[in-house]
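# A structural model of the following input is requested.
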Amino acid sequence: MLKQVPKVVGPALLKVLCEMGHGDEIVLADGNFPAESVGRDAVVIRADGLGVAALLDAVLTLIPLDDYVEKPVALMAVAAGDPVVPTIWEDYKALLSRHGENPDGIERMERMAFYERARKAYAIVATGEEAIYANILLKKGVVK
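This next block holds a predicted model:
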């Protein structure tokens with residue numbers, strides 16, 4: 001056990017967050033995301049019992065986002081014609097703000113472009129999140 005490490009952050013995720021350097025990216029993926037196939041060249045961590053928002057909250061207590069880029073956060077955009085309104089995105093903005101990050105520094109990426117970028121991520125965390133379009137990609141910043 002460690003002090004001040006959120007309980008939802010297991011040893012594998014803590015190790016990955018420590019290993020990541022400035023500019024490395026991590027995907028917090030919903031339950032529908034093809035983590036194993038997209039993450040063939042990444043570290044894939046299972047967090048099946050967790051939602052993305054809870055994990056995002058925990059991760060943001062441990063790492064800063066990259067303030068050298070305009071949009072250190074990326075979301076998978078809703079597909080054209082899909083009537084879904086991802087309410088979880090508002091939760092993400094609130095969490096970013098609460099942790100002192102820019103809630104407007106979010107890029108929305110077309111699904112296949114998001115998958116391509118995720119293939120280059122250092123790690124993908126496969127959660128049990130049931131909300132669709134809940135995938136979020138974070139670019140790690142510099143601890144100051």
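# name the element Ala113 belongs to?
helix 111-119 (DSSP states H and E).
# Show the subsequent helix or strand relative to that helix.
Past helix 111-119, the next helix or strand by DSSP H and E is strand 123-127.
# name the helices or strands packed onto the helix holding Ala113?
Packed against helix 111-119 by the contact rule (3 or more Cβ pairs under 8 Å, 6 or more residues apart in numbering; DSSP states H and E) you find strand 25-29, helix 35-38, strand 73-76, strand 136-139. (C-beta placed from N, C-alpha, C; glycine too.)
# ok, and what's touching stretch 62-79?
With contact meaning Cβ atoms under 8 Å, 6 or more residues apart in numbering, stretch 62-79 is reached by 5-6, 9, 14, 17, 20, 22-23, 84-86, 89, 92, 96, 101-102, 105-111, 114, 117, 133, 135-144.
# Strand 123-127 and the helix holding Ala113, what's the angle between them?
Interaxial angle of helix 111-119 relative to strand 123-127 (axes from the mean of the first three to the mean of the last three Cα atoms, to 10 degrees): 120 degrees.
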